[in-house]
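Q: What follows is a predicted protein model with its sequence.
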Amino acid sequence: MKKFKVLGVVAIVVLLTGAVAAFLLFYKPKEMRQDYQRLQNDIYNGIFVSDYETDYYEEDVFLTYRGIPVVKAEYKLEKAEDYADYMNEAWASGNQITNVYLGVDPYALWQEAGEKQERWEELIEFNILRYVEAHPDVTFEVMLPYDSLVQWLDLEEADYRGKYDSYAAFVDKLDDYTNVVQYYVGGQEWLIANPGNYMDGQANEEIAKKLMLLCFCDHEYVITSGNAKILLEQLEAQVSNESDNPVVYEDLSEYAFVFFGDSIIANAKGSHSIPGVLSGLTGAQSYNLAVGGIPATVDPKAAFSLPYMMETFIAGGDTGLDAGSDYAEGLNLYLAANVNKKHVFVLNFGLNDYFGGHPVSSEEPQDLSTYTGALRQGISKLQKAYPEAAIIVQTPTYTNFFSEGQDILCEDGSGRVLADYADAAIAVAEELGVYCLDNFYGFEMNGSNYETYLSDGCHPNDYGCYVLGKRLAMFAQEILD
């Protein structure tokens, strides 16, 4: 009889425990309940949870680029114990967990701990590090927040120092574990100093996806105890500089900038591109009609040229090209917007004219097989169609290709070095009375520092796009009334 009583008590306890668990789960936020259902029912090898906004992160990216099926939490974690709860659910699911991706804001944990060092460490150790220690064969990848420069500047001094120090201490604490990789992109000027990269306090969709790929897939921006001081000082220097000597950009929202050019403009899209940086800093609208690989010169081997672009743009009709091409997409976006703003046209050609060995000039000023002839015709067409518009010619930029642009590439020997194309751009702009932004002589990029700005010796990287976009923004506010 006693045996049955004991069994009855055990059954009641089990039922009560289950009922309490169900009750507690029911009163959890809806998104958390849905996450738990997926963790219990889906087949996966990794989870991704974060205590800051990751709305635009897509779990399919992990499967596509890492070959790892991942469940991404839709719920934004509110407290440290949420990390433990999610990881408990994952390991209780029976799935073989190989990767855990965490978005962690050390300062949020610091505030939860009442700004008490001992309590802060306890929260990290109990809710994160005990899982790291218990699963040494699992890789834990941690991404720190990347607040905008404006968000850092808005902090009171005590909050700023607390946040900065919490990042440094967190990195140092987790760096002892060989199965932990940490990422920090929040000190990169190209990211945080461009307001266009953010919307409603978080990275915009295009930037969020880019950062996800850069960190979790390409393993860039790794932060360790060894480089944390350097990476965090990059942030501190920007905050200090902007606080002491703020850069104010004029509001150019009444202008629409239309870009024609080559891959220097075309390769990057979105808010971190050269047109995107200009828009982010000044509020101007930007339309990118550039196409990679094209010269200004009319070349039978090339599908595009500057005169062709001007003809189709001014006509405002069907380009006769694949609707998916960069130029067609850019033109269609411009036409659909029915732009009713002051126009600024930006022309960026020259590198492909040099690479293709096209002559700089000939005895015929309008010779479209030459760089200067094509420039003249393209600019003249714009001046006739848009007499009130401003036109900016940008010189070609530095490249370390072909002996830093010193090789002569024309087969018959009539070609020139890259500097000659830059000189020609400056001369044609002066001749036709348009503006010229000199990015060849006026921008100190050379053989000793080009890797800071270029991804491959020719095309601008993220920082290069930011610097070139910033140069254009500052130049534009000087020349526009």
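A: Arrived safely. Numbers count the residues shown, from 1 in each chain.

Q: The residue sitting nearest the centre point of the chain: what's it in contact with?
A: The centroid of the chain falls nearest to Ile207 when counting by Cα atoms, centre = their mean (4.3 Å). Applying Cβ atoms under 8 Å, 6 or more residues apart in numbering, we find Ile207 in contact with Leu191, Asn197, Tyr198, Gly270, Ser271, His272. Bear in mind the C-beta positions are built from the backbone N, C-alpha and C, glycine included.

Q: One more pass at 7 Å, please.
A: Residues in contact with Ile207, defined by Cβ atoms under 7 Å, 6 or more residues apart in numbering, are Asn197, Ser271, His272.

Q: Just the buried ones out of the residues you listed, please.
A: Burial by neighbour count, judged by 16 or more other Cβ atoms under 10 Å, picks out Asn197, Ser271, His272 from those.

Q: List the ones among the residues you listed that fall in helices.
A: Using DSSP state H, no member of the buried ones among the contacts of Ile207 falls in helices.

Q: any idea of the pLDDT on the residue nearest to the centre of the chain?
A: Reported pLDDT at Ile207 in the predicted model: 97.

Q: Ok, Leu16 next?
A: For Leu16, pLDDT reads 48.

Q: One more: Ile294?
A: So, for Ile294, pLDDT stands at 92.

Q: For it, give me its contacts.
A: Asp262, Ala302, Phe304, Ser305, Asn352.

Q: Show the pLDDT at Ala389.
A: For Ala389, the predicted pLDDT is 97.

Q: Gln117 too?
A: Gln117 is given a pLDDT of 97.

Q: ok, so what distance separates it from Glu78?
A: Using Cβ to Cβ, to the nearest Å, Gln117 is found at 22 Å from Glu78.

Q: Name the next helix or strand following the worst-scoring helix or strand of the chain on mean pLDDT along the chain.
A: Among the helices and strands of the chain, helix 2-26 carries the lowest confidence by mean pLDDT, DSSP states H and E, at a mean of 47. Using DSSP states H and E, the helix or strand that follows helix 2-26 in sequence is helix 30-41.

Q: what distance separates that next one from the middle of the whole chain?
A: 31 Å (Cα atoms, centre = their mean, to the nearest Å).

Q: which residues touch it?
A: By Cβ under 7 Å, 6+ apart, helix 30-41 touches Leu25, Val71, Ala73, Glu74, Tyr75, Glu89, Ala90, Ser93.

Q: how about a markdown table for the residues you listed, with neighbour count, distance to Phe48 and secondary structure added?
A: A markdown table is the format used below for these (neighbours: other Cβ atoms under 10 Å; distance: Cβ to Cβ, whole Å; DSSP: H, G, I helix; E, B strand; the rest coil):
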| residue | neighbour count | distance to Phe48 | secondary structure |
| --- | --- | --- | --- |
| Leu25 | 12 | 21 | helix |
| Val71 | 24 | 7 | strand |
| Ala73 | 24 | 7 | coil |
| Glu74 | 16 | 10 | coil |
| Tyr75 | 18 | 12 | coil |
| Glu89 | 19 | 13 | helix |
| Ala90 | 21 | 11 | helix |
| Ser93 | 19 | 15 | coil |
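
Q: Redo the residues you listed as a markdown table? Include distance to Tyr107.
A: What follows is the contacts of helix 30-41, written out as a markdown table (distance: Cβ to Cβ, whole Å):
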| residue | distance to Tyr107 |
| --- | --- |
| Leu25 | 29 |
| Val71 | 26 |
| Ala73 | 20 |
| Glu74 | 23 |
| Tyr75 | 20 |
| Glu89 | 26 |
| Ala90 | 26 |
| Ser93 | 31 |
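
Q: Does the helix or strand hosting Leu382 pack against any helices or strands, and if so which?
A: Using DSSP H and E, Leu382 maps to helix 371-385. Helices and strands touching helix 371-385, by 3 or more Cβ pairs under 7 Å, 6 or more residues apart in numbering; DSSP states H and E, are helix 306-315, strand 390-394, helix 418-432.

Q: of those, which approaches Ser253 most closely?
A: Minimum separation from Ser253 across these (Cβ to Cβ) falls at strand 390-394, 15.5 Å.

Q: Past that closest one, which element shows up next along the chain?
A: helix 401-405.

Q: Pull out the buried positions in that next one.
A: Neighbour-count burial for helix 401-405 [16+ other Cβ under 10 Å]: Phe401, Glu404, Gly405.

Q: quick check: mean pLDDT across it?
A: Mean predicted lDDT for helix 401-405 stands at 92.

Q: Would you mind writing the CA trace of that helix as CSV?
A: Output of helix 401-405 as CSV, limited to C-alpha atoms (Å, rounded to 0.1, in the frame of the first residue of the first chain):
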residue,chain,number,x,y,z
PHE,A,401,47.6,47.2,-61.6
PHE,A,402,50.0,47.4,-64.5
SER,A,403,53.0,48.8,-62.5
GLU,A,404,50.7,51.3,-60.7
GLY,A,405,49.3,52.5,-64.0
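
Q: Pull the contacting residues for Ile128.
A: Ile128 neighbours (Cβ under 7 Å, 6+ apart): Tyr83.

Q: CA atoms only for the helix holding Leu382, dumped as CSV, please.
A: Provided in CSV are the C-alpha atoms of helix 371-385 (Å, rounded to 0.1, in the frame of the first residue of the first chain):
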residue,chain,number,x,y,z
TYR,A,371,38.8,59.2,-73.9
THR,A,372,38.6,62.9,-74.3
GLY,A,373,36.3,62.7,-77.4
ALA,A,374,33.8,60.5,-75.5
LEU,A,375,33.9,62.7,-72.4
ARG,A,376,33.3,65.8,-74.5
GLN,A,377,30.3,64.3,-76.2
GLY,A,378,28.8,62.9,-73.0
ILE,A,379,29.1,66.1,-71.1
SER,A,380,27.9,68.2,-74.0
LYS,A,381,24.7,66.1,-74.3
LEU,A,382,24.0,66.5,-70.6
GLN,A,383,24.6,70.3,-70.8
LYS,A,384,22.1,70.6,-73.7
ALA,A,385,19.4,68.4,-72.1
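
Q: Quick check: buried residues in it?
A: Within helix 371-385, judged by 16+ other Cβ under 10 Å, the buried ones are Tyr371, Thr372, Gly373, Ala374, Leu375, Arg376, Gln377, Gly378, Ile379, Lys381, Leu382.

Q: Helix 418-432 and that one, what's the angle between them?
A: Our comparison of helix 371-385 with helix 418-432, counting by axes from the mean of the first three to the mean of the last three Cα atoms, to 10 degrees, yields an angle of 30 degrees.

Q: Relative to the whole chain's centre, how far out is helix 371-385?
A: The answer for helix 371-385 is 34 Å, by Cα atoms, centre = their mean.
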